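# Quick one, what's the 3D model for this:
(chains A and B)
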Amino acid sequence: MKYLKIHILAVALLFTSIVIAQQTPAKKQMQGVSIEGATAHLGNGEVIENALIMFENGKLTFVGSANSKIARIGQTINAKGKHVYPGFIAPNSTLGLVEIDAVRATQDNDEVGVMNPHIRSLIAYNTESKVVESMRPNGVLMAQITPRGGRISGTSSVVQLDAWNWEDAAIKKDDGIHLNWPSPFSRGRWWLGEPAALKINKNYKEQVEAIANYFKESKAYNSSNKTPRHLPFEALDGIFNGSKKLYIHVGYEKGITDAVTFFKEHNVKNIVIIGGYEADLTTNILKQHNVPVLLKRVHSEPVTDDSDYDAPFRLANDLVKAGVLVGLENAGQMERMNTRNLPFLAGTCAAYGLTKEEALSLITLNTAKILGVDDKVGSLEVGKDATLFISEGDALDMRTNKLIKAFIEGRDLSLESHQTELYKRYSNKYKNQ
Amino acid sequence: MFVLLLCGFILQAQENVPKNNGVKTSNANYTAFTNAKIYVSPTQIIEKGTLLIKDGKVVSTGANVTIPKNCITVDVSGKSIYPSFIDIYSTFGVKKPSRQTGGSRSPQYDASREGYYWNDHIRPDKDAIDLYSFDSKKAKELQKAGFGVVNTHIEDGIIRGTGALIALNTEGTNANRILSQRSVQYSGTRKSNTSRQAYPTSLMGTMALLRQVNYDADWYAKGNIKEKDRALEAFLENKNLVQIMEAGSKINALRFDKIGDQFNTQYVFVGGGDEYENIKDIKATNAKFIIPLNFPVAYDMEDPFLARSVNLADLRKWKQKPSNPKVLADNGVTFALSTYKLKSAKELMPNLLKAIKAGLSKEKALAALTTVPAQIIGKSNSIGTLKTGAYANFLITSGDLFEKGTKIHQNWVTGVKNELSPMDVTDIRGDYTFKLGNNDYDLSISGAPEKLKAKVMSDSISLGSRISFKDDWMNLTFSSLDTTKQEFVRIVSNVLDTNSFSGKAYFPNGNEMTFYAKKKEKEEKKTDDKKKDATSKKGDAKVADAKKEYPVTFPNMAYGFKTLPKQETVLFKNVTVWTNEKEGILKNTDVLIKNGKISKIGTNLSASGATVVDGTGKHLTSGIIDEHAHIATSSVNESGHNSTAEVTIEDVINPEDINIYRNLAGGVTSIQILHGSANPIGGRSAIIKLKWGESADNLIYKNSPKFIKFALGENVKQSNWGDNARTRFPQTRMGVEQVYIDYFQRAKEYDALKKSGKPYRKDTELETLAEILNKERFISCHSYVQSEINMLMKVAEQFNFNINTFTHILEGYKVADKMKKHGVGGSTFSDWWAYKYEVNDAIPFNAAIMHNAGVTVAINSDDSEMSRRLNQEAAKSVKYGNISEEDAWKFVTLNPAKLLHIDDRVGSVKTGKDADLVLWSDNPLSIYAKAERTIIDGVTYFDINRDAKLRQELKQEKNELTTLMLQAKNKGLKTKPIEKKVKAHFHCDTDF
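Coordinates of the predicted model:
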């Protein structure tokens, strides 16, 4: 990261310099749209060449061949030679929770406390973030807004990225709770002269027991008359009754195995692994319990010196081939601004084993399934939201990812941003000189 | 006897002193040790000889020594006598100053000491003797390990001052222990605990400081500094002493040797035990080494989940490191051994036996502990041998010192005996019978000599018993026959003969009885042992591969080469060539590389002896060049001053960074390793080729263009360094400008003085800045907002030079016209922003706008992960700003080559240029493209097929070594818990 993270200054910034207004959210779809002639990548693995896609009132009404003898509705867009994709979904994201990494006043992603299931990201999600608007021109149209920190970080929600405020943005409110599984290693206290190397975490068992106790307590609370009111326990109820998913942030084999076994024992219905850099070693247990994985940033360094240089690039392929449901996430350094590169994470997976359509599913339908929003989004299927875009070429390759049009719930989005405005302004500066 | 000797010694030392406790006595007696095998030196051995000593010194050694009449003679037949050991890298009796605590939390920039050098970490004025106090406990520990003399020092600071040679004589006084003071000057790589002065914060800063001290001392010696500087005075005084430098690793030894060469100082290096990995370069230093004899213990690999975190390099080192002394010896490198880094001196001998097992000759082992250390510190005449006139420092051993089980009986230090284990221990182990009253008993004594076990049987009843045996007296206690009572029979016997011995038995009721034991006739009771042998042999068969050698690779880690790859003649046929020249992108073309150069480009080429590579469907490009990288280096920032032009990354290149290999796999062939952005004037760069497996020096470009890193904005004004970092100038962009003007003004004056021919104080920092003024060195400046970008151009223009490159340059698009006019290039990120306040207006169209305005544009990484995907980063300019594919590709090849002034050698596919090429599976700008082969100077450093093979080999080797470690644990050998190495992810703000 490009700033010194230690001791980040709390600078009370005056945002007077940020004068350029944010993009205005698009109006509700008033007339039907027919996109004709494009190659449609449905997100479910299928491709339709010379496709016809129609939608009105925000919903897809037709997805098929342009050769179909069917009346085109509303405005027709000739998209011959272009490509149509369902909007990409960025799970496990902190978009809109932090604006500038180095400025503490803009950070709303990490609350004080260890067990914070009641903390809700949705209400802090800033729809007017300049980072958020920079997602749309690359096809990233939805995100799961996720708090960070602690053992239980809090509750996430799934949003679309073109809205006046968080309430309007929500696709699924409070979709799940995020838990950071204990690490097998702990870092040496270098400031006391210990080697900075990671050592075996001696408190692992205790830390797992603390989670167990917390879940037992909360279960007991939720099966009683719930007095006195206990906000964190209450927030966990959805985990037991299946209305919320439990997202377990864990990377390594033992952790994944322990976590899955643990939560299945505690009758947690829907669990998802986030991270999972060693998930390829746990495919048996993941399949046995039907646990999907939101895979750590594909563009990462291999874990050890000995790792294959392309290990992170190839991991999705290994999991998919083993029959695990996989989506891609992008947490890590500079994660917010980097989220616009989500399509290229999928592109890399296609370069390293998957077909392009399989890779596309990793950021569309698979993710929608994992987040529990596949009834509305994730693929180009009749009845689903018309959240999609048209690209000049292959949207998973930066060479050809050039959006012409994008829609969320049928609304025709602005693909402009603070950045494109500066682009125009300064391109003109030189033209006019 | 030793008291007498001691008196003699003292009296000889001080002859005329008042004496009030008796009459004056002096002892001129000799002591002779006869019939011993005497190692006078490692090479001079007397099979059966006499050692004659007097007054703490050796009088003579030989087979036919005449023994004077006034002599005490000790017959030590069957024993061996060795000179005792010497450790010349010791901290014996000298406490390391403790770290400063409390006080201000703000960094300290100035020195605390007055009348000394401007940097507190330069302490040649310190003498170990002033802090020394004899540590009897430690001395005894060292005696037990065979040591007689140590050269101790203050392990604190970069230049640490002089050492003191101490005899480990626990009975004498400092009057006879201190053999020499102000012996040897010590230096190291770490700062002093006594001062919080920030500079140097990095290894490269340490190296630059060492150089400057040498220049300053010279200037001081010439009388040009009016103020008193006791540190420089001491430095000059110590200049002729032997210089011991604690390098701590092979790579640091190579680094500091270069400094030594510059100032005619041949350091003696304290090594790291890893010298075998790069023995040729180590040998070429001509330095002598002091090697800590600490070998890694096996990791506890039982938990496969955790075991996965251990790297091949560490597994391998466990097997390889014991052979380091042998490799040094085989290559003629002179080395001493040291207990430094050992938890206890006790570990020395077991480790030395390991080294001998790994091939070190006993002669070299002995020399490394005696004659070599003596010779290094210039004391060959007085210590390290048993030649006439040397101190009587010697060991009497039960046999060959370097065989398992050999005991050191006595360690004589300056003629004073220290008994470590009795010389004539009667071995009473065996089976005996004895009779007490009417009862017959069987006694069986076994166990280790120092921990005997007894078993007493009568009428096949086993009686609980205990035995002790000391100074030939045996005490045996056993339960009385009436086992219903808790009563014991005690036997005392003075064992003079182990065939039969007698004594007295004391019964519970107070009765005494004569005791007489007789040894049983020897029975063939070896069956048990035989069984044991058989089982252990079986075990051996299983661990047969424990003997397997794991050869060093280059570098000695995962994906290292067994032998370095060679230059090849290669003909690429029918490939799409991105020339970056006016020919553009050529389809179906052939390219021939020969002698490390691009030899021919055309169609239907053929060449005899060339390896032909079918390039159908593939793309051939020049290698990617990263203008801004922080991989392959041990330091990034020297943040101790606001200007550090004196430091250079070339000092600290790390050729063993796995990122080199991974960048090759991403098609990168050249990089500029930049200093970080901790200060307005940073350090000098290293421009290297990623020749994986080569030494640091071989990576650097020949006649490398000279560059330096400058930086602007939040990092240099310490905006994000925390509330304590509020004192260093500058804290605002306003101050940054003044820093530049001030330094360039000083450099201008310096240069004028230098050119005038008048004497001047050589200053590396101003020297470097003067190179900029003289247009011999180029600036690559980390930059963000337009105001500061414009400011630096104006400062440069004021001093009549040009900025070469703005790196990052995120608001370059706002002043592209001014940049074009100034003639500066821009090396930017493709799409980074939002990580700090000053990048609010960073836009991914930056490269395109600058390019369109006529600025030479490069896309860089500043990141070890992204750098292996720079082809994709270039492709983003096609997306953001509609740059043509051909131009986008130049952003990561030809343009950075131009910015680095290496475009005459690399950056395009042109006849005569270096054969730095990449074969891609697809259009190189596509996310689907993979580098299949990466070539530098005609040598294939990465090949996707070879990589697949290396992965298999790596897996196999790790499995074998894991098995060996598991076996080590099963055998009861010590293991250590697994540690996961944390790989620092370097950026420009990494602070070291």
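# contacts, neighbours, all on C-alpha from now
OK.
# can you list the domains in chain A?
For chain A, automatic domain parsing gives the domain ranges A:1-23+A:88-377, A:26-87+A:379-415.
# which one's the longest helix in chain B?
Among the elements of type helix in chain B, defined by DSSP state H, the one spanning the most residues is helix B:944-970.
# That helix packs against which elements?
Based on contacts counted as 3 or more Cα pairs under 8 Å, 6 or more residues apart in numbering or on different chains; DSSP states H and E, the elements that helix B:944-970 packs against are strand B:298-299, helix B:312-320, strand B:931-936.
# how about these, which one is nearest chain A?
With Cα to the nearest Cα as the measure, helix B:312-320 is the member of the helices and strands packed on helix B:944-970 nearest chain A (6.6 Å).
# Dump that closest one to CSV, keeping only the CA atoms.
Output in CSV follows, covering the C-alpha atoms of helix B:312-320 (Å, rounded to 0.1, in the frame of the first residue of the first chain):
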residue,chain,number,x,y,z
LEU,B,312,12.6,-26.1,0.8
ALA,B,313,15.5,-23.7,1.5
ASP,B,314,15.2,-24.2,5.2
LEU,B,315,14.7,-27.9,5.0
ARG,B,316,17.8,-28.1,2.8
LYS,B,317,19.9,-26.0,5.0
TRP,B,318,19.3,-28.3,7.9
LYS,B,319,21.0,-31.0,5.8
GLN,B,320,23.6,-28.8,4.2
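# So which bits of the helix or strand just after it are buried?
Proceeding C-terminally, helix B:312-320 gives way to helix B:324-330 as the next helix or strand, assigned by DSSP states H and E. The neighbour-count check on helix B:324-330 (16 or more other Cα atoms under 10 Å in any protein chain shown) flags B:Asn324, B:Pro325, B:Lys326, B:Val327, B:Leu328, B:Ala329 as buried.
# For those, which two are the farthest from each other?
Farthest pair in those (Cα to Cα) is B:Asn324 and B:Ala329. Separation: 8.6 Å.
# thinking again about what came up before, mean pLDDT lowest where, among the domains of chain A?
Averaged per stretch, pLDDT over the domains of chain A is lowest on domain A:1-23+A:88-377, reaching a mean of 91.
# if we can go back for a sec, so which of the buried residues of helix B:324-330 comes closest to chain A?
Closest to chain A out of these is B:Asn324 (23.4 Å), distances taken as Cα to the nearest Cα.
# For the spatially closest residue to B:Val184 that is not a sequence neighbour, the count of nearby residues, please.
Here the nearest residue to B:Val184 in space, its sequence neighbours aside, is B:Val242; by Cα to Cα, 6 or more residues apart in numbering or on different chains that works out to 4.7 Å. Residues lying near B:Val242 (other Cα atoms under 10 Å in any protein chain shown) number 19.
# By proximity to chain B, which residue of the stretch 301-433 of chain A wins?
When you check the stretch 301-433 of chain A against chain B by Cα to the nearest Cα, the closest residue turns out to be A:Ala351, at 4.5 Å.
# what sits against that residue?
Applying Cα atoms under 8 Å, 6 or more residues apart in numbering or on different chains, we find A:Ala351 in contact with B:Ile927, B:Tyr928, B:Ala929, B:Lys930.
# hmm, try it at 10 Å
For A:Ala351, the residues meeting the contact criterion (Cα atoms under 10 Å, 6 or more residues apart in numbering or on different chains) are A:Phe313, A:Arg314, A:Asn317, A:Leu345, A:Ala359, B:Ser926, B:Ile927, B:Tyr928, B:Ala929, B:Lys930.
# for B:Gly676, same thing?
B:628-630, B:635-639, B:682-683, B:685, B:709-711, B:715-716, B:782, B:862, B:986-992.
# Could you measure from the most far-flung residue of chain B relative to its centre over to chain A?
Here chain B has its C-alpha centre computed as a mean, and the residue farthest from that point, by Cα atoms, centre = their mean, is B:Asn438 with 70.7 Å. Between B:Asn438 and chain A the distance, using Cα to the nearest Cα, to the nearest Å, works out to 62 Å.
# what does B:Ser60 give?
From B:Ser60 across to chain A, the span is 51 Å (Cα to the nearest Cα).
# Do I have it right that that residue meets B:Tyr391?
No. Using Cα atoms under 10 Å, B:Ser60 makes no contact with B:Tyr391, being 11.3 Å away.
# Who has more neighbours out of the two?
Neighbours per residue, other Cα under 10 Å: of B:Ser60 and B:Tyr391, the larger number sits with B:Tyr391, 28 against 21.
# If I follow the layout properly, the more buried one ends up in contact with B:Thr385?
Yes. Here B:Tyr391 reaches B:Thr385: they are 8.5 Å apart, a contact under Cα under 10 Å.
# Quick one: distance of stretch B:473-490 to the chain centre.
In terms of Cα atoms, centre = their mean, to the nearest Å, the centre of stretch B:473-490 is set 58 Å apart from its chain centre.
# how about that stretch: buried residues?
If you call a residue buried by 16+ other Cα under 10 Å, then stretch B:473-490 has these buried ones: B:Met474, B:Asn475, B:Leu476, B:Thr477, B:Phe478, B:Ser479, B:Ser480, B:Leu481, B:Phe488, B:Val489, B:Arg490.
# again, but for stretch B:349-356
By 16+ other Cα under 10 Å, the buried positions in stretch B:349-356 come out as B:Met349, B:Asn351, B:Leu352, B:Leu353, B:Lys354, B:Ala355, B:Ile356.
# how about the strands of the stretch 751-900 of chain B, start to end?
For the stretch 751-900 of chain B, applying DSSP state E, counting those that start in this stretch gives strands covering B:778-782, B:805-808, B:825-828, B:857-859.
# now the strands for the stretch 251-400 of chain A?
Counting by DSSP E, counting those that start in this stretch, the strands of the stretch 251-400 of chain A are A:271-275, A:293-295, A:326-328, A:388-391.
# Oh, that last question was meant for the stretch 401-550 of chain B, not what I typed.
B:408-412, B:430-436, B:439-448, B:451-458, B:461-463, B:465-470, B:473-479, B:488-494, B:500-506, B:512-519.
# Can you pull up the most central residue in chain A?
A centroid search over chain A (Cα atoms, centre = their mean) returns A:Pro91, at 1.5 Å, as the residue closest to the centre.
# and the helix or strand where that one lies, what other elements does it pack with?
If you go by DSSP H and E, A:Pro91 is part of strand A:88-93. Helices and strands touching strand A:88-93, by 3 or more Cα pairs under 10 Å, 6 or more residues apart in numbering or on different chains; DSSP states H and E, are strand A:140-145, strand A:152-160, strand A:271-275, strand A:293-295, strand A:326-328, helix A:335-338, helix A:342-351, helix A:365-371.
# Let's see that with 7 Å instead.
Judged by 3 or more Cα pairs under 7 Å, 6 or more residues apart in numbering or on different chains; DSSP states H and E, the packing partners of strand A:88-93 are strand A:140-145.
# what's the angle from the strand it packs on to strand A:88-93?
Here the directions of strand A:140-145 and strand A:88-93 differ by 20 degrees (axes from the mean of the first three to the mean of the last three Cα atoms, to 10 degrees).
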